[in-house]
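>>> need a 3D model of the sequence below.
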Amino acid sequence: MKTLFLLTLRRVLTPSRILTIGALAFVPFAVTSLILLIPDAPEVAMFEELILNTLLAGAIIPLATLATARAAFGDEIGDRTLANVTLTPNPRWKIVLPKLLGVVCVPALVMAATTWLTGYAGYGADLAATCAVTIGALAAVVLYCSLFVWLDLLTPHAVGIGLAYIVVWEGLFSRFVYGVRFFSIRSHAISVMHGADERRFAEGAHTAPGLTAAVAAVVVVVLFLLSVRRLRTMDSP
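This next block holds a predicted model:
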């Protein structure tokens, strides 16, 4: 498992992926810094809605995780080298788990750092609020990575479907169709932020913190099991 984890980490840490993640991660902090230079800076509620909800949780984190999740299985499927891994006697869960952890680590660290800086600046050095949004960002990274790793195993068109999911489901439906929010990763990330600090996103309707945590955990486990099942039943290239 350690070897698979390190090999996956090496695939994630390619120059192109590092550049992509770094550029995406810089955007929220840069926009927040520019906004703070405006004499009449917007209220905290606008910062939460525009920067944290729309930009960070709804676009930056899913795009960054979509870029890194392909390093788990998508690259090997494209290179037709997945059989080298699946022909080993390891149980399939011992293949999926280290690969999933490998693609979670890098965006988790990068997004935690940029979210901390963004929250610290946007909330005026409020540490409780900064910690809350960082926790929510980490939850979003794990959920998005779990989804996109499974999607990579499911279809060769994972990138296109992932982009459509980000734009249509997370960007449109979950924002304007109330019932869809319960099935939205972005909405759960915002609920985690609110649960960690109830002053944050106080104007919105949120799922109870305990239920949000339980649903997030169940989703991660279900997606993990689906990935294991898919790896077990698919024809390895």
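
>>> quick check: Ala113 vs Phe173, distance?
Using C-beta to C-beta, to the nearest Å, we find Ala113 at a distance of 30 Å from Phe173. From N, CA and C alone the C-beta is placed, and that goes for glycine too.

>>> so Pro107 touches Ile21, yeah?
Yes: the pair Pro107 / Ile21 is scored as a contact, 6.2 Å apart, by C-beta atoms under 8 Å.

>>> settle it for me: which of the two has more neighbours?
Set side by side, Pro107 and Ile21 show more neighbours around Pro107, with 30 against 24, by other C-beta atoms under 10 Å.

>>> what sits against the more buried one?
The contact partners of Pro107, taken as C-beta atoms under 8 Å, 6 or more residues apart in numbering, are 21, 61, 64-65, 68, 141, 145.

>>> of the residues you listed, closest to Pro89?
Among those, Cys145 lies closest to Pro89 (C-beta to C-beta), at 26.5 Å.

>>> contact partners for that closest one?
65, 68-69, 100, 103-104, 107.

>>> returning to that earlier point: mind listing the shared neighbours of Pro107 and Ile21?
Common neighbours of Pro107 and Ile21, using C-beta under 8 Å, 6+ apart, are 64, 68.

>>> could you pull up the residues touching the residue nearest the centre of the chain?
Taking C-alpha atoms, centre = their mean, the centroid of the chain lies closest to Val141, which sits 2.6 Å from it. Residues in contact with Val141 (C-beta under 8 Å, 6+ apart) are 61, 64-65, 104, 107-108, 111.

>>> now, which of these sits nearest Thr81?
So of the contacts of Val141, ranked by how close each gets to Thr81 (C-beta to C-beta), first place is Val104, at 21.9 Å.

>>> quick one, phi/psi of the residue lying closest to the closest one once chain neighbours are set aside?
Counting by C-beta to C-beta, 6 or more residues apart in numbering, Val104 lies nearest to Cys145, which is 4.8 Å off, once chain neighbours are set aside. Backbone torsions of Cys145, given as degrees, to the nearest 10, read phi -60, psi -40.

>>> also Ala125?
Taking degrees, to the nearest 10 as the convention, Ala125 sits at phi 70, psi 30.
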